[in-house]
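Enquirer: Pasting the sequence and the predicted coordinates here, then a few questions.
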Protein chains: 2
Amino acid sequence: MKAELIAVGTELLLGQILNTNAQYLAQECAMLGIDLYFQTVVGDNPARIREALEQAGKRADLVITTGGLGPTLDDLTKDVLADMTGRRLYIDEISMAKIRELFDSQGLHMVESNSRQANMIEGAEPLPNDTGLAVGLGLDHEGTRYLLLPGPPKEMKPMFERYAKDWLSGLMTDEMPLYSKMLKFAGIGESSLEHKLFDLIEKQTDPTIAPYAKEGEVTIRLATKAHTEEEALRKMEQVEKEIRSRVGEHLYAEEDIPIEEAVLAILQSRNQTLTTAESCSGGLLSDLITSIPGRSSVFLGGVVSYSNEMKHSMLGVPTELLEGEDAPGAVSAETAEAMVRGLLERTNGDYAVSVTGVAGPTTSEGKPIGLVYVGVGCKDGDVHVQKLQLPGLRETIKLRAAKTALHQLWKLIKADG
Amino acid sequence: MKAELIAVGTELLLGQILNTNAQYLAQECAMLGIDLYFQTVVGDNPARIREALEQAGKRADLVITTGGLGPTLDDLTKDVLADMTGRRLYIDEISMAKIRELFDSQGLHMVESNSRQANMIEGAEPLPNDTGLAVGLGLDHEGTRYLLLPGPPKEMKPMFERYAKDWLSGLMTDEMPLYSKMLKFAGIGESSLEHKLFDLIEKQTDPTIAPYAKEGEVTIRLATKAHTEEEALRKMEQVEKEIRSRVGEHLYAEEDIPIEEAVLAILQSRNQTLTTAESCSGGLLSDLITSIPGRSSVFLGGVVSYSNEMKHSMLGVPTELLEGEDAPGAVSAETAEAMVRGLLERTNGDYAVSVTGVAGPTTSEGKPIGLVYVGVGCKDGDVHVQKLQLPGLRETIKLRAAKTALHQLWKLIKADG
């Protein structure tokens, strides 16, 4: 199936936001075996939106749009598609009820334009928006399929994952299904991983081997078309074995879950708990952990001991470690260890993890940007500290530090199991 | 001048990389007063590259491409444009000398295909690549201008900055530059803000008024073409005044900075410090704060008191507030206040902010998802608590809770100033 992607929004043409939706949907299409031939970005202008839709509709079997479903008068995607296909717009009552309910529950007056978010095109299948108000839709018009998704990634992704995928699968019944398997790696960069698998990736045909990096983790996706899942798994077995023999120590999951989810799942199954102490990661580690729903019982909490004062007062890191000419300093193996011990002594957590380092943009304590120590330990056990020298800018260093800490923790927990 | 952007590369269509070039060039075009009407992404396929180039060439005065200038056989942009315009390709000797020199200096054998990077189209102006080997070009073909830039951002940006901008300026001597001004709002949703400015947005002509929402904040961008910045500011003055009179209480900055940056800037200028106590936001608030570079001295740190145990042990929240049949519970104004007081008593921070609530996906203490209390206070001052009922899923609730807490804090700090 040939597809095109159209992102609608003047803010993209002005460069005010980055079109991350395009990458997400491109990856999803690749995984579903849908061939994406063009991506277009167009502003909130009805004539040009129509030009883009008409052109894509002529070239492709499937046209996916993002954006232009909101409440304002320059949110025009549904209006233009309805006009182009000669279909009526009506109010989807389920979506409308949700909008009214939200405004009522907050005691707010509903602005009339909000009802635009409940607009539906005659003959289309509504796609619920669990994280926002604008309903999406899937439409088959004279053999060309149109999938209209909202622009904000927080609305678009859940809608795609929960509803649009099913709708798309329904369109692809006559093709041999594509089966894929995800292998997730932590504690290794994309280029190192690719280097170790270079010959396999070079000579790949079937199954395909696609490595990609995302949010501090590396994923390898194996994919093949097959009649049954068993057949697919058989086809993937040999290459998976070879991959495992080379980089197996970094493999933490065979499904597309982040490392924090892998850690929390094991701890929850063992009824154990976790605490965190963060300096340079600044709360990102606990934010990642608390982004996983349904695992609240595992995470007791953490301390963002950004200053030496907090490292001492909240975690009991000895002042002589932190200050003074011969002290190892806040960015040191000793401090990373003391942070873990402080947590284990002051809380009932079974496991504790710490991160301290230099995220940049300037050096600290005369130590280089990217120098990070991560510590992990458990009650009545040793504390292990790893020294890292991470490349990248501030945000990347924070993320890689947090992810590496989680990978170290995962290894410790697995070893304890 | 009307422009279009074409990014060439199958890796973009597969979602393997994010098209950050598009955002960069869109911003640069906006700043130069070039109107960008479409962006297209196309794979390394000569027929489709030509289709994209022909279409853009028909619609626009200026076509900017990125990618497809490298050494491999699927780097085709110059070949396709040469073919399309009926112009000859030749080897640019300056670029070729540079390529040879590099290979010689590393003692490497130069693969023949590397010479492709020195290809130049007859009649075009070569644009040097200071950070790579593929030479770029600017071409005027029958009144349509083509600017061909390399794909890797590390090569594209310096080439654009150092050479392409000059080439573009030469094309635009008769146009007036575009000036813009950002107004940033917090504590108000996009649709409420638009509702309050509805008539202004409806009847806008010059300056233009563009509202957009991003990451829990709303931005309004005013823009106008003018001969000088002073003239532009004069043209925007009246509408800005009107906007301020209607939604001024939510305006926190006149530049595109997040609310956390606004908070930290004031505190740093006053030499004051900040601490955080987070329950449902789970570290996101401190992560936002520590994402702002160069403000480390302001943020002492925080406690992610995710469990009642941590609220009590680390912040001294009384157990009778948290547990028991008649206790207000962890999600309450009382606890939000106690968290702030706990910080102010246990640290040297001048200001403290707390967040406690129900992020979902399940209710907690019989309280609804989205119920959040944010508390703010300063040493020797009152603690103010605000109750929120936030829409959305877990991640949205965490973000809005954190952003609203920062806005409350900003108001308190401003009032103290």
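Expert: Perfect, thanks for sending it. Because the structure is predicted, anything quoted here is derived from the model rather than measured.

Enquirer: Once you drop chain neighbours, what's closest to residue A:331?
Expert: With sequence-adjacent residues excluded and distances taken as Cβ to Cβ, 6 or more residues apart in numbering or on different chains, residue A:331 is closest to residue A:367, at 5.0 Å. (Glycine included, C-beta is placed from N, CA and C.)

Enquirer: burial measure for that neighbour, as a count.
Expert: 15 (other Cβ atoms under 10 Å in any protein chain shown).

Enquirer: Could you pull up the residues touching it?
Expert: Residues in contact with residue A:367 (Cβ atoms under 8 Å, 6 or more residues apart in numbering or on different chains) are A:329, A:331, A:358.

Enquirer: That one pairs with what?
Expert: Residue A:367 has the following beta-bridge partners by DSSP bridges: residue A:364.

Enquirer: Describe which strands the lowest-mean-pLDDT helix or strand in chain A pairs with in its sheet and in which direction.
Expert: Lowest on mean pLDDT, DSSP states H and E among the helices and strands of chain A sits strand A:208-214, with a mean of 77. With DSSP bridges as the test, strand A:208-214 is paired with strand A:217-225 (antiparallel).

Enquirer: just curious, which of the contacts of residue A:367 is nearest to chain B?
Expert: Nearest to chain B among these: residue A:358, at 10.5 Å, using Cβ to the nearest Cβ.

Enquirer: Quick check: pLDDT value at the most centrally placed residue in chain A.
Expert: Compute the mean C-alpha point of chain A, and by Cα atoms, centre = their mean the closest residue is residue A:215, 6.6 Å away. Turning to residue A:215, the model gives it a pLDDT of 70.

Enquirer: What separation is there between it and residue A:396?
Expert: Per Cβ to Cβ, to the nearest Å, residue A:215 is found 10 Å from residue A:396.

Enquirer: now swap in residue A:156 and tell me
Expert: 24 Å.

Enquirer: And for residue A:406?
Expert: 16 Å.

Enquirer: So for those two, which sits in the more crowded spot?
Expert: Neighbour tally, residue A:406 and residue A:396, criterion other Cβ under 10 Å: the higher count belongs to residue A:406, 30 against 15.

Enquirer: quick one, strands of the stretch 51-200 of chain A?
Expert: A:62-66, A:89-91, A:119-121, A:125-127, A:136-141, A:144-149, A:178-185 (DSSP state E, counting those that start in this stretch).

Enquirer: With chain B as the reference, name the closest of the ones you listed.
Expert: Per Cβ to the nearest Cβ, nearest to chain B of these: strand A:62-66, 12.5 Å.

Enquirer: List the neighbouring strands of that closest one plus their orientation.
Expert: In the sheet, strand A:62-66 lines up with strand A:2-8 (parallel), strand A:144-149 (parallel) (DSSP bridges).

Enquirer: Export the ones you listed as CSV, with columns for mean pLDDT and mean neighbour count.
Expert: Listed next are the strands paired with strand A:62-66 as CSV, based on pLDDT from 0 to 100; neighbours: other Cβ atoms under 10 Å in any protein chain shown:
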stretch, mean pLDDT, mean neighbour count
strand A:2-8, 97, 24
strand A:144-149, 98, 24
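
Enquirer: domain assignment for chain A?
Expert: A:2-171, A:178-253, A:259-416 (automatic domain parsing).

Enquirer: Specify the stretch among those domains that is closest to residue B:53.
Expert: domain A:2-171 (12.7 Å; Cβ to Cβ).
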